[in-house]
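Peer 1: I would like to see how this sequence folds:
(chains A and B)
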Amino acid sequence: NAGVTQTPKFQVLKTGQSMTLQCAQDMNHEYMSWYRQDPGMGLRLIHYSVGAGITDQGEVPNGYNVSRSTTEDFPLRLLSAAPSQTSVYFCASSYSDRVGYEQYFGPGTRLTVT
Amino acid sequence: AQSVAQPEDQVNVAEGNPLTVKCTYSVSGNPYLFWYVQYPNRGLQFLLKYITGDNLVKGSYGFEAEFNKSQTSFHLKKPSALVSDSALYFCAVRPSGSARQLTFGSGTQLTVLP
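Peer 2: I've put the predicted structure just below:
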């Protein structure tokens, strides 16, 4: 199993550009989520999905879109990049969002918006 | 709303000495509690969790954590620290009810000195 994979590893965008961060998992997990990590703030949930075709907003969803057309893939779209979106982005998955299943994290995408 | 506090940004300990990384939480109802570790330029890795049962939970790499309901704490411990334990540690909580979101603390940088 590759686990959770993310591409790209690094990305530099100019303000106003759009892009998609890719996330895939091969563990047949129902639950997938996107976090951003900023210094001193821990991880904050952007969007999550409890299964194909079902998505919902997390704590900081503004400026981001998601879709879940398959169990395996959960891309995150930045619609019009802003410097405030400079961050490290992590995708995570777990078997379920119920009970106490732990999450598996991807290696992250480091995004810089200039 | 749920929250997690990690009161120490940085913990330094000598190799071979016991280590403690502190975590307190606030949540409605019974909590599910987690510890994750992040090595440089990597995603988060699951260490251990408390769901129910014994208050002392054992996890990966010799780590353990004690759930204290009266003090709303879930401190991470290890009897003898290794240099390789140096990393960023995150505590996380979610309520055992219907909410799906996991809330992370801001992280504690552990440095084990040789």
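
Peer 1: Give the helix, strand or coil label for the one residue sitting closest to the centre of chain A.
Peer 2: Geometric centre of chain A, nearest residue: residue A:34, 2.7 Å, by Cα atoms, centre = their mean. When classified by DSSP: H, G, I helix; E, B strand; the rest coil, residue A:34 comes out as strand.

Peer 1: Now it: closest residue in space, sequence neighbours ignored.
Peer 2: In space, and not counting its chain neighbours, residue A:34 is closest to residue A:46: 4.3 Å by Cβ to Cβ, 6 or more residues apart in numbering or on different chains. All C-beta atoms are positioned from the backbone trio N, CA, C, and that covers glycine.

Peer 1: So what does that neighbour look like in phi/psi?
Peer 2: Phi and psi for residue A:46, reported as degrees, to the nearest 10, are phi -90, psi -60.

Peer 1: The residue nearest to the centre of chain A and residue A:47 touch, don't they?
Peer 2: Yes. Shown here, residue A:34 and residue A:47 form a contact pair, counting by Cβ atoms under 8 Å, at 5.3 Å.

Peer 1: Find the residues that touch each one of those two.
Peer 2: Taking Cβ atoms under 8 Å, 6 or more residues apart in numbering or on different chains as the contact rule, residue A:34 and residue A:47 both touch A:58, A:64, A:66, A:76.

Peer 1: The last one and residue B:75: what is the separation?
Peer 2: In this view, residue A:76 and residue B:75 are 34 Å apart by Cβ to Cβ, to the nearest Å.

Peer 1: Please say which of these two ends up with more neighbours.
Peer 2: residue A:76 (21 against 17; other Cβ atoms under 10 Å in any protein chain shown).

Peer 1: bridging residues for that one?
Peer 2: Note on residue A:76: beta-bridge partners residue A:21, residue A:66, judged by DSSP bridges.

Peer 1: how about the strands of chain A, start to end?
Peer 2: Using DSSP state E, the strands found in chain A span residues A:4-7, A:10-13, A:19-25, A:31-37, A:43-51, A:54-57, A:64-66, A:76-78, A:87-94, A:104-105, A:109-113.

Peer 1: Could you list the contact residues of chain B toward chain A?
Peer 2: Neighbours of chain A within chain B, by Cβ under 8 Å from any Cβ of the partner chain: B:4, B:9, B:32, B:34, B:36, B:41-46, B:49, B:51, B:90, B:96, B:100-102, B:104-107.
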